[in-house]
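J.: Please work out how this folds:
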Amino acid sequence: MASGAGKSAAFGLLVLNVILYFIVAAISGWAVNHGIQRARETASALTIPARIFPIYFPFGNMATGFLIIFSLIAGVVGFITSIAGIQSVIQWNLPNLHAAAASSLMTWLLTLLAMGLACKEIHKGWTESNLRTLEVILIILSGTQLFCTGAIHAGVEDLVARERIIRGRV
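T.: Have a look, this model is predicted:
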């Protein structure tokens, strides 16, 4: 991959991911707030095991609590690592790209975890429109983060190969 094409692809995907991860964090934050406000009145009518369950949300299905918590974590981590990745891609040197590659891989794995929970929630059944939006964005983000991770790793390989040629290492 040419250095300029890899840099522009990684930069574009990182900017897209910043926007999408911000949306994920905002929707997840709203859902946590909404769940905390409505959980007391709804949980008081439940039987004992469900009433003491710490991740109960009064909307969605039984997978909603896990989806909201993990998507909030993935959204915040993805937003911050995408901003740091933009700075690293702008500088485009080997130490910064290694850091961006590692954080991009970690963010992709967290996004895959949240996406798996979104798929489980889709499989379980009925959800509100805000949660369906969150599910769709998480599925899209798992793909864009994969391509972004691949572009950054390709940039690392390109810079390592160029450094070997310049310094004469085999």
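
J.: list the contacts for the closest residue to residue 124 other than its chain neighbours?
T.: In space, and not counting its chain neighbours, residue 124 is closest to residue 61: 4.5 Å by CB to CB, 6 or more residues apart in numbering. For the C-beta atoms, the positions are set from N, CA and C on the backbone; glycine is no exception. Residues near residue 61 by CB atoms under 8 Å, 6 or more residues apart in numbering: 121, 124, 125, 126, 127.

J.: Next one, pLDDT for residue 61 please.
T.: Listed pLDDT for residue 61 reads 75.

J.: re earlier: neighbour-wise, which one of the contacts of residue 61 leads?
T.: Counting neighbours by other CB atoms under 10 Å, residue 121 leads those with 25 neighbours.

J.: Can you show me the CA trace of stretch 158-169 as PDB?
T.: C-alpha atoms of stretch 158-169 as PDB (Å, rounded to 0.1, in the frame of the first residue of the first chain):
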ATOM      1  CA  ASP A 158       5.000   0.000   4.800                       C
ATOM      2  CA  LEU A 159       7.100   2.200   7.100                       C
ATOM      3  CA  VAL A 160       9.000  -0.800   8.600                       C
ATOM      4  CA  ALA A 161       9.800  -2.000   5.000                       C
ATOM      5  CA  ARG A 162      11.100   1.500   4.100                       C
ATOM      6  CA  GLU A 163      13.200   1.700   7.200                       C
ATOM      7  CA  ARG A 164      14.800  -1.700   6.400                       C
ATOM      8  CA  ILE A 165      15.700  -0.500   2.900                       C
ATOM      9  CA  ILE A 166      17.100   2.800   4.200                       C
ATOM     10  CA  ARG A 167      19.100   1.300   7.000                       C
ATOM     11  CA  GLY A 168      20.200  -1.800   5.100                       C
ATOM     12  CA  ARG A 169      18.600  -4.300   7.500                       C
END
